[in-house]
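A.B. asks: with the input below, show me the fold.
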Amino acid sequence: MTAYWCEQALLPSGLASGVLVTVVDGRFASVEVDAAPGDAVRLSGIVLPGLANCHSHAFHRALRGRTQTERGTFWTWREQMYAVASVLTPDSYYQLARAVYGEMLLAGITAVGEFHYLHHAPGGRRYDNRNAMGEALIAAARDAGLRIALLDTCYVAGGIDQPLNEVQQRFSDGDAAAWAARVLDLRAADDVVIGAAAHSVRGVPQDQLSAVAAALPNAPLHIHLSEQVAENEACLQAYGRTPSQVLDEAGFLSGRTSAVHATHLTPVDVGLLGSSGTYSCFCPTTERDLADGIGPSVALREAGSPLTLGSDSHAVIDLFEEMRAVELNERLASQERGHWSAPELLAAGTVVGHRSLGFDDAGRIEVGAWADLVAVRSDSVRTAGTGASVETVVFAASAADVRDVVASGNHLVSSGEHGKLDVAAELAASIGAVT
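C.D. replies: Below you'll find the predicted structure:
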C-alpha cells in the first residue's frame with residue numbers, strides 16, 4: 001500500500017484540503033479529507049485527477065515547428081504529414097510514440113485515445129504481425145506510463161469516390177470487413193482498451209460505415225466529423241446529406257461514439273449528435289493551427305452532446321490550454337463571456353474524457369477508481385496570486401506547471417521530471433530519425 005497526501009485535491013464534491021489517499025493495486029483504497037500527512041508522499045499545489053487526451057495522432061508530433069513556414073491549407077499540411085507517415089516502421093514508431101507519451105505524462109495526461117490508422121508497411125505490404133504498428137503504440141504507452149485506448153481506424157478510400165494514394169496504401173486493409181478481421185486479433189487489458197474508428201466519411205464509404213460501427217459493439221467508437229468545409233461539400237454532392245446525417249443513417253451515432261472536431265455543423269447535425277448522446281471531442285490548438293474554424297460547443301452541450309478534449313496533431317500538448325480554448329473560442333465567436341465554467345471544462349478533461357475512451361473507472365479521486373493524481377503548482381509565475389482555485393488551473397496554469405504525476409498508483413513524474421525517460425532527448429532523437 002502507498003499513501004499520498006494532497007495539499008488541495010479536486011474531489012467529486014469540489015476542492016478539499018489535506019486529502020490523504022491510499023493506493024492498493026493501482027487504485028484508490030481510501031480517500032480522507034482534513035487528514036494529517038504522516039509519512040505519506042506529499043503533493044503540493046492543486047491536485048487533480050489524471051487528464052484524458054481523447055484524440056491523438058502520435059506521429060504528428062514530428063511536424064511541430066516544421067509546418068509553420070508557409071501559409072498553406074489543411075490539405076498542404078496533410079502532404080507534409082504523409083511524408084512522415086511514409087517512413088515510419090514499428091521500431092521507429094515505438095521510439096517516437098514513447099517520447100510523445102512521455103511528454104503527455106509530463107503534462108498530466110494519464111490516458112490517451114490514439115486514433116491509429118498507420119497500419120501496414122509502405123505500399124500496403126503486410127507485416128508478418130499485421131498488428132505490429134498498433135502493438136508498438138501499446139508498448140510505447142505502457143513504457144511511458146499511460147493507459148491507452150487504441151482506436152484502430154478503418155481507412156479504405158482516398159476521398160469520396162477516390163482511390164487511395166501511395167502513402168494511404170499503408171492505412172488500408174482493403175475494406176471494412178478485412179479491417180474488422182485484423183482488429184479482432186488485438187487484445188484488451190486493464191490498461192488497454194481496444195476501440196474502433198472510421199477515419200471520416202472521406203476515408204470510409206457510406207455503405208461500409210455500419211460494418212465499422214458493428215465490429216466492436218461494446219467498445220468506444222470514434223470518427224473525424226466535419227473538420228473542413230470541403231469535406232461537407234463533397235459529402236453533400238455525393239450523398240445529398242451532411243456527414244452527420246450519413247453517420248446517423250448508418251447507425252454510427254450513439255453514447256459510445258465520439259465525433260472529433262464537429263466544427264462545421266448545421267442545426268440538424270447538432271440535434272443528431274445531441275439526441276444520440278454522441279461525445280463531441282474538440283481539439284482547439286490543432287483546429288486553430290490548421291485554420292479549421294470554431295465548433296459550436298455550447299449548442300452541442302445544450303443539445304445533449306458531452307464535451308471531451310484532445311491534442312490531435314500535438315501542435316501543443318497541454319490539456320489546460322485545450323480547456324480554456326473552448327471557452328475563449330466561444331467568446332470570440334459570440335463576443336460574450338462565460339459560456340463554460342472551470343469545473344465543466346475540468347470534467348471534460350478528466351471524468352468525461354476517460355469515459356469516452358472506455359475507462360469508466362478513471363478521472364476522479366474516489367475509492368475504487370484508478371489512482372491518478374496530477375499536482376499543479378499554485379506558486380509559479382503563471383499561477384502565483386490567483387487564489388489557487390479550479391479557475392487557476394483552467395485559466396492560468398499550463399502544462400509547465402505540472403509538478404508531480406501519479407499514474408495507476410505509480411509516482412512517475414516528480415518535480416517536473418519523468419522518472420524513467422529523458423523525454424526531451426528521446427523526442428529529439430526519434431523525430432530526427434524520421435524527418
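A.B. asks: could I get the full set of strands for the stretch 1-150 of the chain?
C.D. replies: In order along the chain, the stretch 1-150 of the chain carries the following strands (DSSP state E, counting those that start in this stretch): 2-11, 14-24, 27-32, 41-48, 51-56, 109-116, 147-154.
A.B. asks: Provide the contact partners of the first one at residue level.
C.D. replies: Residues from elsewhere that reach strand 2-11, judged by C-beta atoms under 8 Å, 6 or more residues apart in numbering: 15-23, 31, 33, 35, 37-49, 346, 364-366, 373, 375, 378, 388, 390, 406, 409, 411. From N, CA and C alone the C-beta is placed, and that goes for glycine too.
A.B. asks: hang on, the earlier thing: pick the most buried one from the strands of the stretch 1-150 of the chain.
C.D. replies: When neighbours are counted by mean count of other C-beta atoms under 10 Å, the highest per-stretch mean among those falls to strand 51-56, a mean of 31.
A.B. asks: and for the nearest residue to residue 314 once chain neighbours are set aside, the neighbour number?
C.D. replies: Distance criterion C-beta to C-beta, 6 or more residues apart in numbering; nearest residue to residue 314, sequence neighbours excluded, is residue 61 at 4.2 Å. Residues lying near residue 61 (other C-beta atoms under 10 Å) number 24.
A.B. asks: again, but for residue 207
C.D. replies: Each residue near residue 207 was counted by other C-beta under 10 Å, and the total is 10.
A.B. asks: doesn't it fall inside a helix?
C.D. replies: Yes. The assignment for residue 207 (DSSP: H, G, I helix; E, B strand; the rest coil) places it in a helix.
A.B. asks: picking that back up, how about the contacts made by the residue nearest to residue 314?
C.D. replies: Under the contact definition (C-beta under 8 Å, 6+ apart), the residues listed for residue 61 are 96, 99, 100, 103, 313, 314, 317, 427, 431.
A.B. asks: same check on residue 296?
C.D. replies: Listed by C-beta under 8 Å, 6+ apart, the contact partners of residue 296 are 262, 265, 270.
A.B. asks: got phi/psi on it?
C.D. replies: phi -80, psi 70 (degrees, to the nearest 10).
A.B. asks: where do the strands sit along the stretch 301-435 of the chain?
C.D. replies: With DSSP E, counting those that start in this stretch as the criterion, the stretch 301-435 of the chain has strands spanning 307-309, 373-376, 402-407, 410-414, 417-418.
A.B. asks: and those as a markdown table, adding mean neighbour count, distance to residue 189 and mean pLDDT?
C.D. replies: Conversion of those to a markdown table gives the following (neighbours: other C-beta atoms under 10 Å; distance: least, C-beta to C-beta, whole Å; pLDDT from 0 to 100):
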| stretch | mean neighbour count | distance to residue 189 | mean pLDDT |
| --- | --- | --- | --- |
| strand 307-309 | 28 | 22 | 99 |
| strand 373-376 | 27 | 22 | 98 |
| strand 402-407 | 26 | 15 | 98 |
| strand 410-414 | 19 | 16 | 98 |
| strand 417-418 | 16 | 23 | 98 |
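A.B. asks: got a markdown table for these, with distance to residue 85 too?
C.D. replies: Rendered in a markdown table, the data for those read as follows (distance: least, C-beta to C-beta, whole Å):
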| stretch | distance to residue 85 |
| --- | --- |
| strand 307-309 | 24 |
| strand 373-376 | 31 |
| strand 402-407 | 29 |
| strand 410-414 | 29 |
| strand 417-418 | 27 |
